[in-house]
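K.L.:
Structure, please.
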Amino acid sequence: MQRDQVAGGPFMAFAGSLPFTPRQRRRADLAVLLLADSPLLVVTACALGLTAGRGAPAAHAVLLADVALLALAAQQAVLERRAGAWPGVAAGAVLAGAAFGTRLDLAASLLVGAAAACALVMQPRPRAQRRIPRPRARRASPPAPGGRRGAALQMSLAVLLRERRGELLATCLTAAAIAAAAVGLVVLFERDARSFPTVLLAEGAVALAFSGLFRGLHRAHRASMGYLGALPLAAAWWRPYDLAAVLAAALPFLAALTACAWTIGAAPAHALAALASNAALLCALRTPQLISDRHAVVLTTIAAGCWTAGTFACLL
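P.N.:
Take a look at the predicted model:
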């Protein structure tokens, strides 16, 4: 959500015409990223201090520095829209994690840290220009029943899958991490039926994570009002289709958690009621996400917490 702000906003349309080299642009982006990541750097510095105070091996301190460098490299790749950098970041994280606790942990951590630092300061490679395909004539197909509704839903899905692809991927990864953590806790509790509240909390967190997609969809529709506003369409006609698109993206994760609740012995009626409640929560969170740009996160978190507490009271 902060990529446009970190990239410079509308001013970069003018700054892009100035004779700056790619290395200079990368240094400016890195300076802004360091300022934006000051909370992460403070936590890393505190962890390094605790590691040094307890007399931990040097490999532990180098690993902490590697985590910060890999986070900066991943953010820079997102900022520059370079998908090719993600395999390198993942490989560095896997190498540092696999070598931790072995004889090669210090060497592997130094190698990963040096590679991440070089990736941050080196001049980026110029992007290859994409070939524009030749337009091909297509036969006009007869209008299908429900074509207008299908086109509206297709517009919402296209915004998610094309314009907001990175945000959708990050949200899916976050939801997958939440679901994996919930399943891990359930396994740790030996699949006890009393771990059902953990699944409820995970479903609420997944709904909260996917509710952030409403902001990108709303901005895309607002940007198109210069053209669509002249058409004979109802006000906020895109609202149900945005709800359907976001709900379709979140439903696999909610269904997986519902299946997990079913396997630990929860009543089928309770599991389905939890699924319906969190699906309704996702739709209800659209309003606090759009009511205020500054306080959207706080309002959405409070609303999700109150809704989850009500679900607890009804099902437990």
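K.L.:
For the stretch 51-200 of the chain, which residues score under the pLDDT cut-off?
P.N.:
Applying pLDDT under 70 to the stretch 51-200 of the chain picks out residues 123-152.
K.L.:
Show me where it has its helices.
P.N.:
For the stretch 51-200 of the chain, applying DSSP state H, counting those that start in this stretch gives helices covering 58-79, 85-99, 105-121, 147-158, 165-188, 196-210.
K.L.:
for the first one, packing partners?
P.N.:
Using 3 or more Cβ pairs under 8 Å, 6 or more residues apart in numbering; DSSP states H and E, the elements in contact with helix 58-79 are helix 3-7, helix 22-36, helix 38-53, helix 85-99, helix 105-121. Every C-beta, even on glycine, is put in place using the N, C-alpha and C of the backbone.
K.L.:
okay, those helices in CSV with distance to Leu247 next?
P.N.:
Output for the helices and strands packed on helix 58-79, formatted as CSV (distance: least, Cβ to Cβ, whole Å):
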stretch, distance to Leu247
helix 3-7, 25
helix 22-36, 31
helix 38-53, 32
helix 85-99, 27
helix 105-121, 38
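K.L.:
Which one, of those, ends up nearest to Trp307?
P.N.:
helix 38-53 (27.9 Å; Cβ to Cβ).
K.L.:
same for that closest one, what does it pack against?
P.N.:
Counting contacts by 3+ Cβ pairs under 8 Å, 6+ apart, helix 38-53 packs against helix 58-79.
K.L.:
Point out the most buried one among the helices and strands packed on helix 58-79.
P.N.:
helix 105-121 (a mean of 18; mean count of other Cβ atoms under 10 Å).
K.L.:
now it and helix 85-99, what's the angle there?
P.N.:
Helix 105-121 and helix 85-99 are oriented at 160 degrees to each other (axes from the mean of the first three to the mean of the last three Cα atoms, to 10 degrees).
K.L.:
Tell me which residues are up against helix 105-121.
P.N.:
With contacts defined as Cβ atoms under 8 Å, 6 or more residues apart in numbering, helix 105-121 is touched by 26-27, 30, 57-59, 62-63, 65-66, 69-70, 72-73, 76, 85, 88-89, 92-93, 95-96, 98-100.
K.L.:
can you give me the offset of that helix from its chain's centre?
P.N.:
Distance, stretch centre to chain centre, for helix 105-121: 26 Å (Cα atoms, centre = their mean, to the nearest Å).
K.L.:
Kindly report the same for stretch 159-172.
P.N.:
Offset of stretch 159-172 from its chain centre (Cα atoms, centre = their mean): 8 Å.
K.L.:
just stretch 292-300 next, same as before
P.N.:
Put simply, stretch 292-300 sits 17 Å off its chain's centre (Cα atoms, centre = their mean).
K.L.:
go on, stretch 158-174?
P.N.:
Relative to the chain's own centre, stretch 158-174 is displaced by 7 Å; criterion: Cα atoms, centre = their mean.
K.L.:
cool, and stretch 35-46?
P.N.:
20 Å.
K.L.:
Now tabulate the helices of the stretch 51-200 of the chain in CSV and tack on distance to Thr308.
P.N.:
Output for the helices of the stretch 51-200 of the chain, formatted as CSV (distance: least, Cβ to Cβ, whole Å):
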stretch, distance to Thr308
helix 58-79, 29
helix 85-99, 32
helix 105-121, 38
helix 147-158, 26
helix 165-188, 13
helix 196-210, 4
